[in-house]
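K.L.:
Give me the fold of what follows.
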Amino acid sequence: MTVQDIRSFNRFYTNVIGALDYGRHLYAPYTLTESRVLYELAHSRGADAADLRTELSLDSGYLSRILNKFEQDGLVERAPSETDPRRRRITLTARGRDAAGLLDERARETVGTLLATVPPADRPRLAEAMRTVRTILGDGRSPGPEDVVLREPGPGDLGWIVQRNAALYAAEYGWNTDYESLVARIVADFAGDHDPHLERVWIAELDGRPVGCVMCVRDDAPGTARLRLLLVEPDARGLGIGDRLVGACVDFARGVGYRELVLWTNDVLAAARRLYQRHGFVLVSEKPHRSFGADLVGQDWRRDLHGGHE
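P.N.:
As a prediction, this is how the structure comes out:
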């Protein structure tokens, strides 16, 4: 392989994905770099300029101009960092989330159209070739938190949530098909009737495959959202995925105006309970019950979205 081989491949691939005219390619007023900054902000709990500059390897002046443009357009807000007052925390506004969501939707449609041209029999070979490129050029390192992306569900992802919840809880806790039935009803209710402005599902993706999920849906109580179906695949644990999923749910619920976020879990899910506590949830009640073929203690947890961590 020569330098020319790599340059030739780069020219081919940038043409395939429309990188040279990214804004027009997606019918959006943003360059590829601007779109990537929006993406990073949409998939983080809040970042500062230094974080973005490091993550994207951008010149500080160039990034500053992008953020100034976004602020003028009402896409981002800046506030002092909670951990370091010398830094400015950057978060998307509701308008910014809408813009990032639209870009993500159009990008998914574009990639879906491209993938549709690949015969199904060739797709595993293509995926393996892409993993090979990433592994070799990435020094063969193990996946890190930066390799995980949070995205909205695509076709088949809601079915994956049902399947993996059923299989994982059967394997780890011995729960029976009653739990699969419950998850299927929750997912079906969301798929059949949900408000995209007030309810959302996140899929955590690593190396092109889903490895985690969580839902934020309206609760019966006014002003209340409910966190549901948090899951992280065993081989993807330790990358902070659960923390990011819960954080995304909390930030979304607060951002769209809910007053509190609640959840129901069971005492055997010790790791999940510790995670909820770190995000400011407090235990408000618990009750023994027999469900899913097991004797359990159900727990109700609550997170005040206006008073910070309680």
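
K.L.:
show me where the stretch 1-150 of the chain has helices.
P.N.:
3-16, 22-25, 32-42, 49-56, 60-72, 94-116, 123-137 (DSSP state H, counting those that start in this stretch).

K.L.:
Out of the ones you listed, which is the most enclosed?
P.N.:
helix 32-42 (a mean of 19; mean count of other C-beta atoms under 10 Å). All C-beta spots, glycine's among them, are computed from the backbone N, C-alpha and C.

K.L.:
That one: how far from the chain's middle?
P.N.:
In terms of C-alpha atoms, centre = their mean, to the nearest Å, the centre of helix 32-42 is found 14 Å from the chain centre.

K.L.:
Report all helices and strands that that helix contacts.
P.N.:
helix 22-25, helix 49-56, helix 60-72, strand 88-92, helix 94-116 (3 or more C-beta pairs under 8 Å, 6 or more residues apart in numbering; DSSP states H and E).

K.L.:
Just give the number of residues close to the nearest residue to residue 239 once chain neighbours are set aside.
P.N.:
Once flanking residues are discounted, residue 239 sits nearest to residue 145: 4.9 Å by C-beta to C-beta, 6 or more residues apart in numbering. For residue 145, the neighbour count with other C-beta atoms under 10 Å is 12.

K.L.:
Local confidence estimate at residue 145?
P.N.:
If you check residue 145, the pLDDT there is 80.

K.L.:
so how far is residue 281 from it?
P.N.:
Note on residue 145: its distance to residue 281, by C-beta to C-beta, to the nearest Å, is 22 Å.

K.L.:
So which residues of the stretch 201-310 of the chain form helices?
P.N.:
241-255, 270-278.

K.L.:
just so I know, which of those helices lies nearest residue 287?
P.N.:
helix 270-278 (15.3 Å; C-beta to C-beta).

K.L.:
Now do the closest one: which elements does it pack against?
P.N.:
Short answer (3+ C-beta pairs under 8 Å, 6+ apart): helix 270-278 packs on helix 241-255, strand 260-266, strand 294-304.
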